[in-house]
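[1] Generate coordinates for the sequence data below:
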Amino acid sequence: MNESGYLTVEYSHTQRAPLCLVLYGFGVFCGLLLSSVDDPVGMALCTSFSLLFAVLGGAFHYLKVEDNGEELAIRFGPIPLFGRKLEYAEIQEVEVSRTILLDGWGIHYSLRGGWVWNLWGFDCVAIGLRNGGILRIGTNDPENLASFLKQKTNSSSLARD
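    Take a look at the predicted model:
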């Protein structure tokens, strides 16, 4: 906090990507499909999927990574369905890395181990946690995020990636 009592943000980055357009497209497709379905169950399914994809499009419109004092906030938006906070004290190692094609986009456990939070692309920051886990945060600003986290946590490079 600064002398005025306001939280000073040392790092804030928002990545925008076309993933939301893919989700919105599926929503529109389901909506258009609705006009050709006469069955009430089919209409309910088309409506449900159309709304689901519209909400998911809004939830994955951007990925914001921001310093919150003692923790890093990671959240998708603008519909705030998915977010997490990572205390800096939990971070042991930090390294600029890349996800693989099988890691994909969204939030999930990677086949290589560890969690992936990724909106678009392959650049990421791999964070080794004190509990032995790994968190990969996808970003189009990997060098600055890694530098900030290393400075904030006095951590080393991630040797296990």
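[2] Secondary structure element holding the residue lying farthest from the centre of the chain?
    Centroid-distance maximum for the chain: Asp38 at 38.4 Å, with CA atoms, centre = their mean. Following DSSP states H and E, one finds Asp38 outside all helices and strands.
[3] Roughly how far does it sit from Leu32?
    Counting by CB to CB, to the nearest Å, the separation of Asp38 from Leu32 is 15 Å. For every residue, glycine as well, the C-beta is placed using N, CA and C.
[4] tell me the secondary structure for Gly31?
    Using DSSP: H, G, I helix; E, B strand; the rest coil, the structure places Gly31 in helix.
[5] How many residues are close by it?
    When neighbours are defined as other CB atoms under 10 Å, Gly31 has 16 of them.
[6] what are the ranges of the helices in this structure?
    19-34, 40-59, 142-153 (DSSP state H).
[7] okay, the ones you listed in JSON lines with distance to Ile91 and mean pLDDT next?
    Shown next, in JSON lines, are the helices of the chain (distance: least, CB to CB, whole Å; pLDDT from 0 to 100):
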{"stretch": "helix 19-34", "distance to Ile91": "27", "mean pLDDT": "91"}
{"stretch": "helix 40-59", "distance to Ile91": "26", "mean pLDDT": "93"}
{"stretch": "helix 142-153", "distance to Ile91": "5", "mean pLDDT": "94"}
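[8] TSV for those helices, including distance to Pro80?
    Output for the helices of the chain, formatted as TSV (distance: least, CB to CB, whole Å):
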stretch	distance to Pro80
helix 19-34	14
helix 40-59	8
helix 142-153	21
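[9] Show the contacting residues for Gly121.
    17, 138, 140 (CB atoms under 8 Å, 6 or more residues apart in numbering).
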